[in-house]
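**Student:** quick one, fold the following:
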Amino acid sequence: MTENGLPPTPAAKRTRKRSGGGSSSTIRDVAAQAGVSVATVSRVLAGNYPVAVETRARVTAAVEALHYVVNVHAKALSGGVAGPIALVLKDITGPSFAHVAAGVEQEAADRGRLSLVCATRGDQDREDDLVQLMRQQHAAAVVLVGGVTPDQGYYRRMTEYAKALDAAGSRLVLVGRPSLPEGGPVTVVEYDDRGGAFQAASHLLSAGHRRILFLGGEPLMSSAERRRDGFYDGLRAYGVPQAEELDLPGPYVRSSGHLRTREALRSGVDFTAVFAGTDMVALGALAALREAGRDVPGDVSVVGFDDVPFAADLTPALTTVRVPYEELGRTAVRLALQGDERLSSDDHVVLSTQLVIRKSVRTLS
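**Tutor:** From the prediction side, this is the model:
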């Protein structure tokens, strides 16, 4: 007997047999179990058509008894389900990227959307494949995150992405990436890298530091170049020339910050402060200074960039530039879903950064 007191139909028996073998029930099985047509089941599931209370109850009972799951992909193709928000980034383990993902997920959930997170691991071909896959899956928006080398190849690929997604009713959103020179159907959400770096450099310079070891990012990377520009803006504002031996580019990872700082110490380069391009790089620099017996900030001051969660818990607490990563994710989703209400003036947004002063900088006498 079934839960509603009726004997199981042949369709229900067939479904139980299939479920033992791993197959799922179909909408026809639900219709047979409830004694109604397939069209009636569709109407009940859609909830947008009047159906008698008794009939609705029979269909609902059949759905529960057969553990029927709606084919969401089929509903998406017919416009019955809102498309998901796809986030495509290089690495999901980095703290800054994780906060962008959190912002995307929160805003998508608030708007009743599913969010998907995909990692490219730095593989350009994989990024191409993921964007194509998200277009085929009818994603409402594809959000690309992370610094890039803004060459002609980048602009060509982003233009192709934007046009292909737009033709499919989707939207390309670039977060922390350069906008397209000629515009197009794309939304850009950036943060003030250059201004933040200027604030950090000015803080060190106003404290009397003139020999600042700059641990920037890899050359030609968009975010790294903007932070380097902001650092040099600060030096020029204070009339301080930057010595070539103090500018050490490298990857934005802890090990690189450790290695570059250790090499600078071993080579005898004189510096009283370190400006690290990210907090992870600053973490490596702090370790190298500690190993060399240098006190922070007594002997060497350190500033970072990002304000990741652990920055306030370091010893000493790290002075750094706060980037609103979660708000970047939220803004990306909000703008992408504007649809017909989208205004051209809202297609490119720059969020502000903020210097957070803690305990890792000493004022020189």
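**Student:** how many neighbours does residue 173 have?
**Tutor:** 28 (other C-beta atoms under 10 Å). Where C-beta positions appear, they are placed from N, C-alpha and C, glycine not excepted.
**Student:** and it, how far from residue 44?
**Tutor:** In this view, residue 173 and residue 44 are 37 Å apart by C-beta to C-beta, to the nearest Å.
**Student:** try residue 284
**Tutor:** From residue 284 to residue 44 the distance is 59 Å (C-beta to C-beta).
**Student:** ranges for the strands of this structure?
**Tutor:** For the chain, strands defined by DSSP state E occupy the ranges 85-89, 115-119, 141-145, 172-175, 186-191, 212-215, 273-276, 301-303, 320-322, 348-351, 354-356.
**Student:** ranking these by burial, who's on top?
**Tutor:** strand 273-276 (a mean of 29; mean count of other C-beta atoms under 10 Å).
**Student:** which stretches of the chain form helices?
**Tutor:** Here the chain has its helices, by DSSP state H, at 10-20, 27-34, 38-46, 53-66, 72-77, 95-110, 124-136, 152-167, 193-206, 222-237, 254-266, 279-291, 325-336.
**Student:** redo those as CSV? Include mean neighbour count.
**Tutor:** What follows is the helices of the chain, written out as CSV (neighbours: other C-beta atoms under 10 Å):
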stretch, mean neighbour count
helix 10-20, 14
helix 27-34, 22
helix 38-46, 17
helix 53-66, 18
helix 72-77, 13
helix 95-110, 20
helix 124-136, 16
helix 152-167, 16
helix 193-206, 22
helix 222-237, 20
helix 254-266, 19
helix 279-291, 22
helix 325-336, 23
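**Student:** turn those into CSV, columns for distance to residue 360 and mean pLDDT.
**Tutor:** Below are the helices of the chain laid out as CSV (distance: least, C-beta to C-beta, whole Å; pLDDT from 0 to 100):
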stretch, distance to residue 360, mean pLDDT
helix 10-20, 60, 44
helix 27-34, 62, 90
helix 38-46, 58, 80
helix 53-66, 59, 89
helix 72-77, 50, 52
helix 95-110, 18, 91
helix 124-136, 36, 91
helix 152-167, 35, 93
helix 193-206, 10, 98
helix 222-237, 17, 96
helix 254-266, 14, 97
helix 279-291, 8, 97
helix 325-336, 21, 95
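**Student:** what residues are up against residue 57?
**Tutor:** Not one residue lies near residue 57 by C-beta atoms under 8 Å, 6 or more residues apart in numbering.
**Student:** go on, the one 5 residues further on?
**Tutor:** With contacts taken as C-beta under 8 Å, 6+ apart, residue 62 has the following neighbours: 30-31, 33-34, 41, 68.
**Student:** again, 6 Å this time
**Tutor:** 30, 33-34 (C-beta atoms under 6 Å, 6 or more residues apart in numbering).
**Student:** against residue 33, how distant is residue 44?
**Tutor:** 13 Å.
**Student:** what's the answer for residue 162, then?
**Tutor:** 47 Å.
**Student:** got it, and residue 329?
**Tutor:** 43 Å.
**Student:** cool, and residue 256?
**Tutor:** 62 Å.
**Student:** out of the helices of the chain, which gets nearest to residue 315?
**Tutor:** Ranking the helices of the chain by proximity to residue 315 (C-beta to C-beta) places helix 279-291 first, at 8.7 Å.
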